[in-house]
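# output the structure for:
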Amino acid sequence: MDLSRREVLQIGGLSALAVAGLTVPFNGSVSAKSASLLDEDLMPRPYRTEFTRPPVLRPVAEGTDELGKYAKFVINQAAGTAPFLPHVGDTPVWGYGGRVAGPTIHLEAGTRAIVQMRNRLPEKHPMFGHTFKTSTHLHGNASLPEYDGYADDLTLPGFTKTYHWPSNWQPARTLWYHDHASHTTAQNVYTGLIAQYHVHDAVERELLPQRPYDVPLTIGDVMFAADGSLGYDDRDHSGVWGDVVTVNGRPWPVMKVQRRVYRFRFVNASVSRSYRYVLEPGGSFHVVATDGGLMPKSQEVGQFRQAPAERYEVLIDFAQYAPGTRVELRNLSNENNRDFDHTDKVMAFDVTDEPFDKSDPTWNRIPNEMVSSAAMSLRPDQAMRRRFMELKKSDLTNIWSINERTWADVTNSGYKEVFANPGLGDIEIWKIDNHSGGWFHPIHIHLVDFQIISRNGRPPFPYELGPKDVVYCGEDETVEVLMKFGPHRGKYMIHCHNLPHEDHDMMVQFSVGLRDDVPDEHDPIAADPPVRDPDGDDLPVSRIEQEVFDPYDPTEEPGEEPTDEPSEEPTDEETSSTDDPTDGETDSTDDPTDGETDSTDDPSGGETGSTGGETTPSDPETTATETPTTTVPDPAPTTTVPEPTPTTTRRPRRRKTREPREPRDRRSRRGR
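Numbering: from 1, shown residues only. Sure, this is the predicted structure:
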């Protein structure tokens, strides 16, 4: 008897069985009702969950040494639970601090992070059975090779590795840290090892909204097995597409907003799914930053697409909506996705008439002129050489490759084989060609920020006109990127960020400034390997705190500032790294169909851009111009960062947590 893919989908924690035959590419988007095996009555429903922000991670020590300011963090990679299913109970996950999404790290530019990652995970992954090894990559940071999350620099359960992540040469940006272990990245990321990391500086603080109006959105998708545990099906290594969209670990949440400008940090943490966002009942996004930070000019668009691992910072002005309006963040999807009944929805915003502080100049400001960067100041005529990269898949082996080379070729060479070997400070153009047939590939180049200079021979999309480290390479697309190599010497990875593609085996490496006759002092595996973790659980770890922002009081006396002093008495609801990850959170148990909306969007309608409209990659009208205002100088090479001796220890700040309120059933003014 033949079984459908859905029938062989993972049940109760076992990996999906292989289906006879090799992966068959699909053109366009494939739609189905669901991917999960869980009873439909127990599935979460859109817009029934309160929006929550990821907690923040507090340093265990801060100080200054001969290299400047630092902040030290200690994180346990551990088992926990997530409140995906309000009608079933918490779902097992394995994340940073046992949470999904993990705690956000905030640092000022010029402060380096020293992060001790303790692998406190089970010996074997409970769902997949592989050894639960990890390698942590701070995505978007120019780390030294030994701290870059090299795929085979592995930390086993019971071991720990201390990462040194300086940020003194990079401007403000949205980064994220996630697992990068060879051949198991997809499973480890899918089951929880993801979190955001924000670098701040004076420029972005002046131009853009700050917390609480600076909001992280870590977007993912999951499916469920019949017993309510996470399901998993990578469709013979082609990709994982869940039927439940999550934001910060909550399914289709609802966020209350005031009638002012908000800044949203979109991080696509999905294993394979790409998104194309649009606002319903209409409205514009103002894109102000890309992977590598601020753009030279903001770009107004009606929709934008986002591949896994891409980051976009977007302003939305909710003053354009009347109080009581529900604004939905919808997903129009893209070619080569698999879509289900509710994957066209991401989250919703309920617009309120609550007062806010209008002395904040960002409340109604959409900046036009932003700031340039080293990557966006490069010119194609500066390029010293061009290289070609072809993305392919073998129908015989079911293996993905870059120029017909794979990670197996790298390891079999003793990690000597490289795709490219530019010198330190060299400027190059790489042409990336995707004719793999029925797939899109988000290509991530470690170490560098680059500039997209063409897409199918024409200008990139307006929202791509900023520094990038991931480029969306759609089916039959050819893109060119321009970059300068530095600030470090060493070996770094290039790979597809559709993670089953990376794991099987679409990853190679390049070297910067290395010579065959000189030993590599920053060997990514040997330079600073993990060590056995100290026994016991008494090692101080970083506090994980849920931020609470006091409501604005318009009756406050002028000049009166809210205090940031810790409360005198701790509460039972205080959070720490050893708390239950769902402590203090509740889920709504409303009628699952109440308040649900369905709408049909014109995938190309209502779009605006700085050049009069955004089009498909093949449309020659897609263009935008750039007017740099400030140039960030190129960084100087740095050296290995030694472990400092702490000079000050930060006293843990006690904050009260609040019980989340159930979202009200608000309808938009479209006669629902």
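# low-confidence ranges, the chain, go.
Scanning the chain for pLDDT under 70 picks out 1-32, 168, 535-538, 556-672.
# show me the longest strand that occurs in it.
strand 68-85 (DSSP state E).
# and that strand, how far out from the chain middle?
On the basis of Cα atoms, centre = their mean, to the nearest Å, strand 68-85 sits 15 Å off its chain's mean C-alpha point.
# next structured bit after it?
strand 89-96 (DSSP states H and E).
# what residues sit buried inside that following strand?
90-96 (16 or more other Cβ atoms under 10 Å). C-beta: built from backbone N, CA, C; applies to glycine.
# again, but for stretch 138-155
For stretch 138-155, by 16+ other Cβ under 10 Å, it's 138-155.
# cool, and stretch 348-362?
Residues 348-352, 356, 362 are the ones in stretch 348-362 that count as buried (16+ other Cβ under 10 Å).
# nearest to Asp476 among the residues you listed?
Asp476 has its nearest neighbour among the buried residues of stretch 348-362 in Ala348, at 34.6 Å by Cβ to Cβ.
# what about the closest one, which helix or strand?
Short version, using DSSP H and E: Ala348 is in strand 345-351.
# check Thr160 too.
Assigned by DSSP H and E, Thr160 falls in strand 159-165.
# so which elements touch that strand?
Strand 159-165 is packed against strand 112-119, strand 136-139, strand 531-532, with contacts defined by 3 or more Cβ pairs under 8 Å, 6 or more residues apart in numbering; DSSP states H and E.
# where do the helices sit along this structure?
Taking DSSP state H, the helices of the chain run over residues 185-190, 202-207, 407-412, 499-503.
# in CSV, list those helices along with mean neighbour count and distance to Lys256.
Below are the helices of the chain laid out as CSV (neighbours: other Cβ atoms under 10 Å; distance: least, Cβ to Cβ, whole Å):
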stretch, mean neighbour count, distance to Lys256
helix 185-190, 26, 30
helix 202-207, 16, 25
helix 407-412, 17, 45
helix 499-503, 26, 34
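# reformat these as JSON lines; add distance to Glu545.
Conversion of these to JSON lines gives the following (distance: least, Cβ to Cβ, whole Å):
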{"stretch": "helix 185-190", "distance to Glu545": "24"}
{"stretch": "helix 202-207", "distance to Glu545": "21"}
{"stretch": "helix 407-412", "distance to Glu545": "38"}
{"stretch": "helix 499-503", "distance to Glu545": "30"}
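# which one of those helices lies nearest to Val327?
helix 202-207 (23.7 Å).
# remind me what that closest one packs against, helices and strands.
For helix 202-207, the packing partners by 3+ Cβ pairs under 8 Å, 6+ apart come out as strand 293-301.
# related to what we said a few turns ago, looking at the buried residues of stretch 138-155, which are in strands?
138-139.
# now for the residue nearest the centre of the chain: which residues touch it?
Centroid check for the chain by Cα atoms, centre = their mean gives Val267 as the closest residue, at 3.4 Å. By Cβ atoms under 8 Å, 6 or more residues apart in numbering, Val267 lies in contact with 174, 176, 196, 216-219, 311.
# looking at the helices of the chain, which is closest to Leu107?
helix 202-207 (12.8 Å).
# and for that closest one, what's in contact with it?
With contacts defined as Cβ under 8 Å, 6+ apart, helix 202-207 is touched by 171-172, 288-289, 293-294, 362, 367, 370-371, 630.
# filter the residues you listed to the buried ones?
Here, 16+ other Cβ under 10 Å leaves 171-172, 288-289, 293-294, 362, 367, 370-371 buried among these.
# closest to Pro103 among these?
The closest of these, once distances to Pro103 are taken by Cβ to Cβ, is Ala172, at 19.3 Å.
# tell me how far the closest one lies from Lys416.
37 Å (Cβ to Cβ, to the nearest Å).
# ok, the strand holding Ala348: who's next to it in the sheet?
Neighbouring strands of strand 345-351 in its sheet, by DSSP bridges, are strand 253-257 (parallel), strand 326-331 (antiparallel).
# turn the buried ones among the contacts of helix 202-207 into CSV, including distance to Val278.
What follows is these, written out as CSV (distance: Cβ to Cβ, whole Å):
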residue, distance to Val278
Pro171, 29
Ala172, 27
Val288, 18
Ala289, 20
Gly293, 25
Leu294, 24
Thr362, 24
Pro367, 23
Met370, 23
Val371, 28
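# among the residues you listed, which two are most distant?
Using Cβ to Cβ, the two most remote members of the buried ones among the contacts of helix 202-207 are Pro171 and Thr362, lying 18.2 Å apart.
# can you map out the strands along the stretch 351-500 of the chain?
Secondary structure of the stretch 351-500 of the chain by DSSP state E, counting those that start in this stretch: the strands cover 385-393, 400-402, 427-434, 441-445, 450-455, 470-473, 478-484, 490-496.
# go ahead and name everything in contact with the last one.
By Cβ under 8 Å, 6+ apart, the residues outside strand 490-496 that reach it are 144-145, 148, 150-151, 389, 391, 400, 402, 407, 415, 418-419, 441-447, 501-502, 506-514, 520, 522-524.
# also the third one?
Outside strand 427-434, the residues that touch it by Cβ under 8 Å, 6+ apart are 378, 380, 382-391, 420, 422, 440-441, 443, 445, 453, 471, 473-485.
# one step back: between the helices of the chain, which gets nearest to Thr134?
helix 185-190 (6.5 Å).
# from the contact counts, what lies against that closest one?
strand 173-179, helix 499-503.
# filter the contacts of strand 427-434 down to just the buried residues.
Buried members of the contacts of strand 427-434, scored by 16+ other Cβ under 10 Å, are 378, 383, 389, 391, 420, 422, 440-441, 443, 445, 453, 471, 473-485.
# tell me the one of the buried ones among the contacts of helix 202-207 nearest Thr555?
Distance to Thr555 across these (Cβ to Cβ) is lowest for Thr362, with 22.6 Å.
# sorry, back to before: closest one to Ala319 among the helices of the chain?
Judging these by Cβ to Cβ, what sits closest to Ala319 is helix 202-207, at 18.3 Å.
# and the two most separated of the contacts of Val267?
So, those by Cβ to Cβ: farthest apart are Thr174 and Ile219, at 12.7 Å.
# just to revisit the earlier point, would JSON lines of the strands of the stretch 351-500 of the chain with distance to Arg330 be doable?
Below are the strands of the stretch 351-500 of the chain laid out as JSON lines (distance: least, Cβ to Cβ, whole Å):
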{"stretch": "strand 385-393", "distance to Arg330": "29"}
{"stretch": "strand 400-402", "distance to Arg330": "31"}
{"stretch": "strand 427-434", "distance to Arg330": "26"}
{"stretch": "strand 441-445", "distance to Arg330": "21"}
{"stretch": "strand 450-455", "distance to Arg330": "24"}
{"stretch": "strand 470-473", "distance to Arg330": "19"}
{"stretch": "strand 478-484", "distance to Arg330": "26"}
{"stretch": "strand 490-496", "distance to Arg330": "27"}
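# Ile316: which of these is closest?
Nearest of the strands of the stretch 351-500 of the chain (Cβ to Cβ): strand 470-473, 21.7 Å.
# which helices and strands does that closest one pack with?
Taking 3+ Cβ pairs under 8 Å, 6+ apart as the contact cut, strand 470-473 packs with strand 427-434, strand 441-445, strand 478-484.
# gap between that strand and the chain center?
With Cα atoms, centre = their mean, you get 14 Å for strand 470-473.
# one more: stretch 136-149?
From the chain centre to the centre of stretch 136-149 is a distance of 15 Å (Cα atoms, centre = their mean).
# would you mind measuring the gap between the ends of it?
One end of stretch 136-149 to the other measures 5 Å (Cα to Cα, to the nearest Å).
# same check, this time on stretch 111-128
Stretch 111-128 has an end-to-end distance of 38 Å (Cα to Cα).
# likewise for stretch 272-286?
Stretch 272-286 end-to-end distance (Cα to Cα) = 25 Å.
# report the buried residues of that stretch.
Counting neighbours by 16+ other Cβ under 10 Å, stretch 272-286 gives 272-280, 284-286 as buried.
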